[in-house]
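In: here you go, sequence then predicted model.
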Amino acid sequence: MSTEGQETSTIPGRYWHPLEDGRLQCDLCPRFCRLRDGQRGLCFVRARAGAQMVLTTYGRSSGFCVDPVEKKPLNHFLPGTPVLSFGTAGCNLTCHFCQNWDISKSREVDTLADAASPETIARAAHHLGCSSVAFTYNDPVIFLEYAVDVAHACHELGIRTVAVTAGEICAEPRHEFFEAMDAANVDLKAFTEQFYHKICGGSLAAVLETLQYLADETDVWFELTNLLIPGQNDTDAELEKMTSWIVEHLGANVPIHFTAFHPDYRMLEVEPTPPATLSRARRIAHTNGIHHAYTGNVHDEQGGTTTCTDCNQPLIARDWYTLTHWALDEQGACTNCGTPLAGIFNGPPGTWGARRQPIRLADFH
């Protein structure tokens, strides 16, 4: 679908059906919002307009920025390369600890100040030398139609696409969404339904279905993030159960990033995550067979190092988002023993480093 010239518009949304009582049910995510005319779903961006569902934020963004791909976080996907990142507004979860709450919880259209068609975004990424475009800051499943169109425009220019998502999406739209993605980071927020229900307003089971789908039915490279919140989801028992499930159902080569919580939004009273908690989680993951477990939101060079699964040689060392060591050959295998490293690699690493470069898409129209 070409959308050149439609930078800011409301377009028909997919995945809904009418109910007998006159409402329309959104079938995009497991919330199944039921809307009367003029109402929006909890996500804010999907709304009912007359006899159809529409996407109200198509072609509008809360901002664009060039980041290191490691910030998504993705450690095994085109390391060292720049990624053009953007989001819209709203979210289909209600996480009390949201660290992008000014964007994801926004109910103001004025938040969406930067407008761009999918073709403009693809051109900008190409001009800026970005290897990929990331849908992030808020969950891209809620603006599926826009994300998929951007992905198609990017692929025409040889640019890959990344979804940073919580994975709360139904089966039919899940197929269309991930078919357009090359990589994903899925936020596995905890491993109990109680946490998801009470703290996030979501469903663990739905997320596990998405993860199983990614592992079994797609070629999407994906990594996991688990934000550890003191006293909420950081017990040994929960980490044991979660990491064991990952190995059994997703495989030992799926990387996981244990990241540090800092007080934000509705959880200002909770203390920041001690670095020792992240190291403990990483040890549990390794003990249970996960090959690549990382720490995040803290300065921990050991916790950011990728090692060979066979000879244990350091393959990629990182200082925050900067690569400090590289021991992979052109095919992405260990230079010491020849064992391939799981991931997507394209010859030598990029040299983008830790830079963060905000941009205006108006410059690329």
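Out: Looks like it came in fine.
In: got any ranges where the stretch 151-300 of the chain has weak pLDDT?
Out: The stretch 151-300 of the chain contains residues with pLDDT under 70 at 265.
In: any idea where the helices of it begin and end?
Out: 171-179, 193-195, 204-217, 236-249, 275-287 (DSSP state H, counting those that start in this stretch).
In: which one of those helices lies closest to Val298?
Out: helix 275-287 (5.0 Å; Cβ to Cβ). For the C-beta atoms, the positions are set from N, CA and C on the backbone; glycine is no exception.
In: including mean neighbour count, could the helices of the stretch 151-300 of the chain go into CSV?
Out: As requested, the helices of the stretch 151-300 of the chain are exported to CSV (neighbours: other Cβ atoms under 10 Å):
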stretch, mean neighbour count
helix 171-179, 17
helix 193-195, 13
helix 204-217, 17
helix 236-249, 17
helix 275-287, 18
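In: could you save those helices as CSV and add columns showing distance to Thr10?
Out: Output for the helices of the stretch 151-300 of the chain, formatted as CSV (distance: least, Cβ to Cβ, whole Å):
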stretch, distance to Thr10
helix 171-179, 19
helix 193-195, 35
helix 204-217, 27
helix 236-249, 39
helix 275-287, 43
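In: of the ones you listed, which is nearest Arg46?
Out: So among the helices of the stretch 151-300 of the chain, helix 171-179 is nearest, using Cβ to Cβ, at 11.2 Å.
In: now the closest one: how far from the chain's centre is it?
Out: 15 Å (Cα atoms, centre = their mean, to the nearest Å).
In: now do it against helix 204-217, angle only.
Out: Angle of helix 171-179 versus helix 204-217, following axes from the mean of the first three to the mean of the last three Cα atoms, to 10 degrees, is 50 degrees.
In: list the buried ones in stretch 19-30?
Out: Using 16 or more other Cβ atoms under 10 Å as the test for burial, stretch 19-30 gives Leu24, Gln25, Cys26, Asp27, Leu28, Cys29.
In: from His262, how far out is the closest residue to the second one other than its chain neighbours?
Out: If I follow you right, that is Gln25. Among residues not flanking Gln25 along the chain, Arg34 sits closest, at 5.0 Å (Cβ to Cβ, 6 or more residues apart in numbering). Note on Arg34: its distance to His262, by Cβ to Cβ, to the nearest Å, is 36 Å.
In: got it, and Thr192?
Out: Thr192 is 22 Å from His262, by Cβ to Cβ.
In: next, count neighbours for the nearest residue to Glu238 once chain neighbours are set aside.
Out: Leaving aside its chain neighbours, Glu238 sits nearest to Phe191 (5.1 Å; criterion: Cβ to Cβ, 6+ apart). Residues lying near Phe191 (other Cβ atoms under 10 Å) number 23.
In: my guess is Ala49 contacts Gly13, does it?
Out: No. Counting by Cβ atoms under 8 Å, Ala49 does not reach Gly13; the two are 9.5 Å apart.
In: quick one: which of the two has more around it?
Out: Gly13 (25 against 16).
In: now for that one: which residues touch it?
Out: By Cβ atoms under 8 Å, 6 or more residues apart in numbering, the contact set of Gly13 is Cys26, Leu28, Arg46, Gln52, Met53, Val54, Leu55, Glu145.
In: from these, which land in strands?
Out: With DSSP state E as the criterion, strands contain Cys26, Arg46, Gln52, Met53, Val54, Leu55 from among the contacts of Gly13.
In: neighbour-wise, which one of the residues you listed leads?
Out: Neighbour-wise, those (other Cβ under 10 Å) top out at Arg46, 27 neighbours.
In: identify the bridge partners of that residue.
Out: Beta-bridge pairing of Arg46, defined through DSSP bridges, involves Leu55.
In: save the buried residues of stretch 19-30 as TSV, and put in pLDDT and distance to Ala237 too.
Out: Below are the buried residues of stretch 19-30 laid out as TSV (pLDDT from 0 to 100; distance: Cβ to Cβ, whole Å):
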residue	pLDDT	distance to Ala237
Leu24	98	42
Gln25	98	38
Cys26	98	36
Asp27	98	35
Leu28	98	34
Cys29	97	29
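In: quick one: which of the residues you listed is nearest to Ala180?
Out: So of these, ranked by how close each gets to Ala180 (Cβ to Cβ), first place is Leu28, at 14.9 Å.
In: skip the chain neighbours and tell me the closest residue to that closest one.
Out: Nearest non-adjacent residue to Leu28 (Cβ to Cβ, 6+ apart): Tyr15, at 4.6 Å.
In: repeat that for Ala166.
Out: Closest to Ala166 by Cβ to Cβ, 6+ apart is Asp187, at 4.7 Å.
In: check contacts around that neighbour.
Out: So Asp187 contacts Val164, Thr165, Ala166, Gly167, Leu224, Thr225, Asn226, Leu227 (Cβ under 8 Å, 6+ apart).
In: of these, which belong to strands?
Out: Using DSSP E, those in strands are Val164, Thr165, Leu224, Thr225, Asn226, Leu227.
In: pick the one among those residues closest to Gly87.
Out: Nearest to Gly87 among the ones in strands among the contacts of Asp187 is Val164, at 8.6 Å by Cβ to Cβ.
In: what about the closest one, how many residues nearby?
Out: Neighbours of Val164 under the rule other Cβ under 10 Å: 23.
In: do you know how far the closest residue to it other than its chain neighbours is from Thr225?
Out: Leaving aside its chain neighbours, Val164 sits nearest to Thr136 (3.9 Å; criterion: Cβ to Cβ, 6+ apart). Distance, Thr136 to Thr225, using Cβ to Cβ: 12 Å.
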